[in-house]
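A.B. asks: 3D, please:
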Amino acid sequence: MGILDSARIKNSDLKQAIVVRTDLEMGKGKVAVQVAHASISAYLEAESADRDAAEKWIEEGMKKIALKVKDEKELFMYFQQAKDAGLPVSIIRDAGLTQIESGSATCFAIGPASSSEIDKIVGKLKLL
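C.D. replies: So this is what the prediction gives:
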């Protein structure tokens with residue numbers, strides 16, 4: 001089943017990457033909550049595609065990395081690349097109850113999936 005196929009990841013490590021927009025100037029708490037939403041949502045996508053790989057990621061310690069992009073255009077560019085590569089992805093849109101306009105895309109998560117496959121998409125982005 002694509003990137004999450006258990007045989008392909010048998011000898012590789014798994015991770016999840018969360019990509020966050022910086023132009024929204026979210027507070028630290030807001031960023032933390034958006035990242036949490038993205039992480040859980042993408043995990044659920046991965047679990048439905050390949051339960052064994054998703055469970056292996058949990059067993060390996062749920063490795064994650066938080067990265068940044070400058071704006072919505074860049075966010076969607078990387079999101080689409082990950083989606084086109086067959087990676088489990090989930091985009092998060094804010095409900096608009098606090099700091100951000102309702103419906104704003106704040107971040108997305110890729111994986112869990114093979115670290116090398118994720119790095120092909122977002123490996124050049126800077127840490128958040």
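
A.B. asks: In the longest helix belonging to the chain, which of the residues would be classed as buried?
C.D. replies: Ranked by number of residues, the top helix in the chain under DSSP state H is helix 28-49. The neighbour-count check on helix 28-49 (16 or more other C-beta atoms under 10 Å) flags 30-31, 33-35, 37-39, 41-43, 45-47, 49 as buried. The way it works is simple: take the backbone N, C-alpha and C, and place the C-beta from them, glycine included.

A.B. asks: low-scoring stretches of this protein, by residue?
C.D. replies: Confidence mapping of the chain against pLDDT under 70 gives the ranges 1-12.

A.B. asks: mind running it again at 50?
C.D. replies: Counting by pLDDT under 50, the ranges of the chain that qualify are 1-9, 11.

A.B. asks: quick one, phi/psi of the most centrally placed residue in the chain?
C.D. replies: Centroid-nearest residue in the chain: residue 109, 1.2 Å away (criterion: C-alpha atoms, centre = their mean). The phi/psi pair for residue 109 (degrees, to the nearest 10) reads phi -120, psi 150.
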